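In: sequence and computational prediction follow.
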There are 2 protein chains.
Amino acid sequence: MTGFVSHFTNRLDAKGRVSIPASFRAVLTRDGFEGLYCFNSSNTPAVDAGGNMLLAEIKNMTEQLARLTPDHDMLAAALYGDSEILKIDGDGRIVLSEMIRNHCGLEDQVTFVGLDYKFQIWEPEKYLAYRAEAQKRAQEILAQLSNPSQGRPV
Amino acid sequence: MTGFVSHFTNRLDAKGRVSIPASFRAVLTRDGFEGLYCFNSSNTPAVDAGGNMLLAEIKNMTEQLARLTPDHDMLAAALYGDSEILKIDGDGRIVLSEMIRNHCGLEDQVTFVGLDYKFQIWEPEKYLAYRAEAQKRAQEILAQLSNPSQGRPV
DNA sequence: TCAAATCCCATGGTATCCCATGAAAACCCA
DNA sequence: TGGGTTTTCATGGGATACCATGGGATTTGA
């Protein structure tokens, strides 16, 4: 298995540290990126995190816009400029920055959610709400994908 | 034989372990996936399980949307974030997570039902009820397929 | 020089590994 | 065909390894 799968909730300790789930660490090790690439997810109070697989997607996304255009600059600013690279300590933990803690509204628990090529960091309660919404939306999307003629045009 | 067929009921032991039926294990071995890919079946109190054959279905669904978009995140959260990869021990057993035990309402017995490219995990009583319903519905579907003019368009 | 970040080690609970057992199925040979 | 033997398989339990977590010690950097 090469991607991030499943979800886990871990404790944020007094020093602001939290363990990355072991299975996610295994993916990151295979991925080869040193550290953890993070940036705020645009539409949700969550953080996108990952390694080279995530970076490749960002690159792919930004390259679809012509350089030196305002849109390219804006997208790059959001995906590159607003990102952080967190160090992973010897025990597989990271220290979450204040920016991340604020954006996610984190207290003392952190939920990690696998999305295959990346994973997300959530405040547990907020994740539960998002998950309910995601499940509903997924049903719609899947229904549409399996029978596009009945949905809105694709 | 390449798919999962028939159904089996095994015991859930004190440690939460249960043996995967030998014939299903043979399919998984041929399939080549390490472990058992599982996620909650959305419309029933059952869990879908399988290997690469099942994973391919999921991959196929998510690949139809562009990554890093809100809809892709939601679909991935529902499909990958809510799934689990269970390890299969040397004796062909898995330990069922609390999420799975709750979703299925499992007590001390587990029924495995082959569905060709995947199989399902059920609480035995619930499965019996579902089977009765499935048999009835199957009859209707077959009747309709043999005489499409009388049914709703397909 | 002090606070924050990093490293290092300890610990407890849980998951995983490994071996044993018994029942049932498959096999074999007369 | 039938009886005896071997294999397969589900199940149980002890031993071990892993992992999340906490806290002290050391380094870094402002």
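Out: Great, that's in hand. It should be emphasised that the depicted structure is a prediction, and the values quoted were computed from it without experimental measurement.
In: for the rest of this, base every contact and every neighbour count on C-alpha atoms.
Out: Fine.
In: show me the shaky parts of chain A.
Out: Confidence mapping of chain A against pLDDT under 70 gives the ranges A:1, A:148-154.
In: and the residue of it nearest DNA strand C?
Out: In chain A, the residue that lies nearest DNA strand C is A:Asp89 (4.3 Å; Cα to the nearest atom of the strand).
In: now that residue: how far from A:Leu115?
Out: Distance check for A:Asp89 against A:Leu115: by Cα to Cα, to the nearest Å, it reads 23 Å.
In: more neighbours: which of those two?
Out: A:Leu115 (27 against 12; other Cα atoms under 10 Å in any protein chain shown).
In: pretty sure that one contacts B:Asp82?
Out: No. Applying Cα atoms under 8 Å, one finds A:Leu115 not in contact with B:Asp82, separated by 9.4 Å.
In: pull up the overlap in contacts between these two.
Out: Counting by Cα atoms under 8 Å, 6 or more residues apart in numbering or on different chains, the common neighbours of A:Leu115 and B:Asp82 are A:Val5.
In: the residue of chain A closest to DNA strand C: what secondary structure?
Out: Counting by DSSP: H, G, I helix; E, B strand; the rest coil, the backbone at A:Asp89 sits in coil.
In: dump the residue contacts of the residue nearest the centre of chain A.
Out: Most central in chain A under Cα atoms, centre = their mean is A:Asp48, positioned 2.2 Å from the mean C-alpha point. For A:Asp48, the contact set (Cα under 8 Å, 6+ apart) comprises A:38-41, A:118-121.
In: helix or strand: which one has it?
Out: Element membership for A:Asp48 (DSSP states H and E) is strand A:47-50.
In: near DNA strand C, which residues of chain A?
Out: With Cα under 7 Å from any atom of the strand as the criterion, chain A meets DNA strand C at residues A:15, A:87-91, A:95.
In: redo that, cut-off 6 Å
Out: Taking Cα under 6 Å from any atom of the strand as the contact definition, chain A meets DNA strand C at A:87, A:89-90.
In: JSON lines for those residues, including distance to DNA strand D?
Out: Converted to JSON lines, the residues of chain A next to DNA strand C look like this (distance: Cα to the nearest atom of the strand, whole Å):
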{"residue": "A:Lys87", "distance to DNA strand D": "13"}
{"residue": "A:Asp89", "distance to DNA strand D": "9"}
{"residue": "A:Gly90", "distance to DNA strand D": "9"}
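In: what would the residues you listed look like in JSON lines with distance to A:Lys136?
Out: Conversion of the residues of chain A next to DNA strand C to JSON lines gives the following (distance: Cα to Cα, whole Å):
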{"residue": "A:Lys87", "distance to A:Lys136": "36"}
{"residue": "A:Asp89", "distance to A:Lys136": "38"}
{"residue": "A:Gly90", "distance to A:Lys136": "39"}
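In: and chain B, which of those residues reach it?
Out: Among these, none lies close to chain B by the criterion of Cα under 8 Å from any Cα of the partner chain.
In: before we move on, the earlier item: any of the contacts of A:Asp48 buried? List them.
Out: A:38-41, A:118-121 (16 or more other Cα atoms under 10 Å in any protein chain shown).
In: cross those against strands and list the overlap.
Out: Secondary structure from DSSP state E places A:38-40, A:119-121 of these in strands.
In: what is the nearest of those residues to A:Ala77?
Out: Distance to A:Ala77, by Cα to Cα, is smallest for A:Phe39 among these, at 10.7 Å.
In: next up, the contacts around that closest one.
Out: By Cα under 8 Å, 6+ apart, A:Phe39 lies in contact with A:47-49, A:78-80, A:82-84.
In: change it to 6 Å
Out: A:47-48, A:83 (Cα atoms under 6 Å, 6 or more residues apart in numbering or on different chains).
In: now the residue of chain A found nearest chain B: closest residue in space that isn't a chain neighbour?
Out: Closest approach between chain A and chain B, counting by Cα to the nearest Cα: A:Ser6, at 4.3 Å. Leaving aside its sequence neighbours, A:Ser6 sits nearest to B:Gly81 (Cα to Cα, 6 or more residues apart in numbering or on different chains; 4.3 Å).
In: quick one, what contacts that neighbour?
Out: Residues near B:Gly81 by Cα under 6 Å, 6+ apart: A:5-7, A:113-115.
In: which of the buried ones among the contacts of A:Asp48 sit farthest apart?
Out: A:Asn40 and A:Lys118 (12.7 Å).
In: about what we covered before: from the buried ones among the contacts of A:Asp48, pick the one nearest DNA strand D.
Out: A:Ile121 (13.3 Å).
In: I figured that closest one was touching A:Thr44, is that so?
Out: No. In this structure A:Ile121 lies outside contact range of A:Thr44 using Cα atoms under 6 Å: 10.6 Å.
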